[in-house]
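**Q** build the 3D model from these lines:
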Amino acid sequence: MGPADGSDLRPLPASLGKIEAVRILSTHAGLRGEAADTDQVADTIVEIGRALGRLSNQHVDLVDCAQISGASSRLAYGEHVRELPKATHLSGVPGCFTEASHIAHSPNLRVLEMADGYICHYRDGPLVVSADGEFVAQDFSSPFAGLVHYYETPLRQVLADAVRIEGTVVALADDVRPINFCHLLVDWLPRMTCLGERRLPSDTFVVVPPLHAAYQWELLRLAGVSEERVIQLHPMQAAWARRLLAPSDVRTLPHPGHKAAPWLTDYIRGTLGFGALLENNHGSPVRRKYYVSRGDAAGRRVVNEAALIASLAALGYQAVTLVEMPMTQQIATFAFASHIVGPHGAGLANIVFAHRTTTLVEIFPSTYGTAAYYVLAAGLGMTYASYISTSVLPASRTQLDDIYIDIADFLARCRHLL
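**A** Numbering: from 1, shown residues only. As a prediction, this is how the structure comes out:
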């Protein structure tokens, strides 16, 4: 591979993804371990710098925002720690749950305000850049920010071509690409609370990567963001703002659900939820039981789902799929649900709209899962239970493994919650 001083290594092409870039650079630097672990990636890039030096954008320095003229930060929401109601695990504890899963720890949320600042999607990592293009505010930028010294694309050129906004721009996007439903709903949209207002003022815009799905536009609309207020940035594109706002959790993602921080759930329910219910106008709705299917998903499906749905129908459940369901109807469905049963999937993020008396039974394959929906449900006072299927049909990656459910076993273990 050559010496670890980078003498045989040239700047990387912009077509190379950020994770692969870290892996290649780590190999050249002689580093060991999981190079692209997002919890450690900022430190890894520092180690790469010590070994290889800078390969590009020599003039750019990564500093804390306090060192940048025209930038300041304030505390929007303080740290919040609380104990959640314990989950009920019906067939063993899923591997994604730890001894500390029931402790909700929402870290401080700070907001950077910068005059004449840039938000740049340098590759897929958001960078907050000073007006002169010399400094990146590392405490409000992607943990991959250090890659600015390793891609061949000149940052000066990216900034020169920036979209210019004579108003306020809010940075919504973080490192999770491509964006999925759960992250848009639970991580990205609540960042608008840094404005201190429920709706976007007329001179305010939001920055996101290119949007490709109808639900993405619908969620933004429900949050009060009209289409003309959305700035879509491709990799290696930037926007300049007379006033730039960026939240600190763009750098440090405390997902799931910011550990059910009350400020976050209040925002989602009070803004998107209330708006959706007004539009859907159920009148006097009846609370119902729902099974949320992944039958139309690319993976993590229940292969004997027809039999499961028939068994649940006998207990009063209605099967729904969410992909083609309008967002207002999805929100209303969960808001008026008494019981939700379904395999782990992004659509269950809608549990944030449910009533505190709702029961959620989440089905996991033994090979994959997260505790995200337990955190959201328990954080809002709901009853939560998990069920593990050990009959797994392996896919190309464990995140897509399909499952077979022993329905007699499932009903025997879950009946008291159904």
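
**Q** how about the helices in the stretch 151-300 of the chain?
**A** 155-160, 181-183, 214-222, 262-267, 274-280 (DSSP state H, counting those that start in this stretch).

**Q** give me whichever of the ones you listed is most buried.
**A** Among those, helix 181-183 has the highest mean neighbour count (mean count of other Cβ atoms under 10 Å), at a mean of 22. Bear in mind the C-beta positions are built from the backbone N, C-alpha and C, glycine included.

**Q** where in the chain is pLDDT low?
**A** For the chain, applying pLDDT under 70 flags the ranges 1-7, 33-38, 197-199, 254-258, 278, 281-284.

**Q** which strand in it has the most residues?
**A** strand 109-122 (DSSP state E).

**Q** mind listing the strands that one pairs with, and their directions?
**A** strand 71-77 (antiparallel), strand 125-129 (antiparallel), strand 237-247 (antiparallel) (DSSP bridges).

**Q** nearest to residue 107, out of those?
**A** Judged by Cβ to Cβ, the one of the strands paired with strand 109-122 that comes nearest to residue 107 is strand 71-77, at 9.2 Å.

**Q** give the buried residues for the closest one.
**A** For strand 71-77, a neighbour-count test (16 or more other Cβ atoms under 10 Å) marks 71, 73, 76, 77 as buried.

**Q** any idea what the second one is bridged to?
**A** If I follow you right, that is residue 73. Note on residue 73: beta-bridge partners by DSSP bridges are residue 112.

**Q** tell me how far it lies from residue 63.
**A** Here residue 73 is placed at a distance of 13 Å from residue 63 (Cβ to Cβ, to the nearest Å).

**Q** ends of stretch 211-230, what's the gap?
**A** 10 Å (Cα to Cα, to the nearest Å).

**Q** go on, stretch 357-369?
**A** So stretch 357-369: terminal residues 24 Å apart, Cα to Cα.

**Q** buried ones in that stretch?
**A** Within stretch 357-369, the residues that count as buried by 16+ other Cβ under 10 Å are 358, 359, 360, 361, 362, 363, 364, 365, 366, 367, 368, 369.

**Q** centre of the chain to the helix or strand harbouring the fourth one, how far?
**A** Going back to what we said before, that points to residue 361. For residue 361, the host element (DSSP states H and E) is strand 359-365. Strand 359-365 sits 20 Å away from the centroid of its parent chain (Cα atoms, centre = their mean, to the nearest Å).

**Q** next secondary structure element downstream of that strand?
**A** Sequence-wise, the next helix or strand downstream of strand 359-365 (DSSP H and E) is helix 372-379.

**Q** the stretch 301-418 of the chain: helices as residue ranges?
**A** Counting by DSSP H, counting those that start in this stretch, the helices of the stretch 301-418 of the chain are 305-313, 327-335, 372-379, 407-414.

**Q** so which of those is nearest residue 230?
**A** Between residue 230 and these, the shortest gap by Cβ to Cβ is with helix 327-335, which sits at 15.9 Å.

**Q** pull out the buried residues from that closest one.
**A** Using 16+ other Cβ under 10 Å as the test for burial, helix 327-335 gives 327, 328, 330, 331, 332, 333, 334, 335.

**Q** repeat for stretch 222-242
**A** Buried-residue list, stretch 222-242, by 16+ other Cβ under 10 Å: 222-225, 229-233, 235-241.

**Q** can you check stretch 109-128 too?
**A** Neighbour-count burial for stretch 109-128 flags 109-114, 117-128 (criterion: 16+ other Cβ under 10 Å).

**Q** same thing with stretch 180-195?
**A** Across stretch 180-195, burial judged by 16+ other Cβ under 10 Å covers 181-195.

**Q** list the contacts of the closest residue in space to residue 405 that isn't next to it in sequence.
**A** The spatially closest residue to residue 405, leaving aside those adjacent along the chain, is residue 389, at 5.2 Å (Cβ to Cβ, 6 or more residues apart in numbering). By Cβ atoms under 8 Å, 6 or more residues apart in numbering, the contact list for residue 389 reads 363, 364, 365, 366, 403, 404, 405, 406.

**Q** would you reformat these as CSV and include distance to residue 12?
**A** Below are the contacts of residue 389 laid out as CSV (distance: Cβ to Cβ, whole Å):
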residue, distance to residue 12
363, 41
364, 38
365, 36
366, 38
403, 39
404, 44
405, 45
406, 49
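
**Q** so residue 182 makes contact with residue 349?
**A** Yes - counting by Cβ atoms under 8 Å, residue 349 is a contact partner of residue 182 at 4.1 Å.

**Q** what do the two both touch?
**A** Shared contacts of residue 182 and residue 349 (Cβ under 8 Å, 6+ apart): residue 372.

**Q** list phi and psi for residue 172.
**A** Note on residue 172: its backbone torsions stand at phi -100, psi -30 [degrees, to the nearest 10].

**Q** mind listing what residue 170 touches?
**A** Shown in contact with residue 170 (Cβ under 8 Å, 6+ apart): 191, 192, 194, 195, 204, 205, 206, 207, 245, 246.
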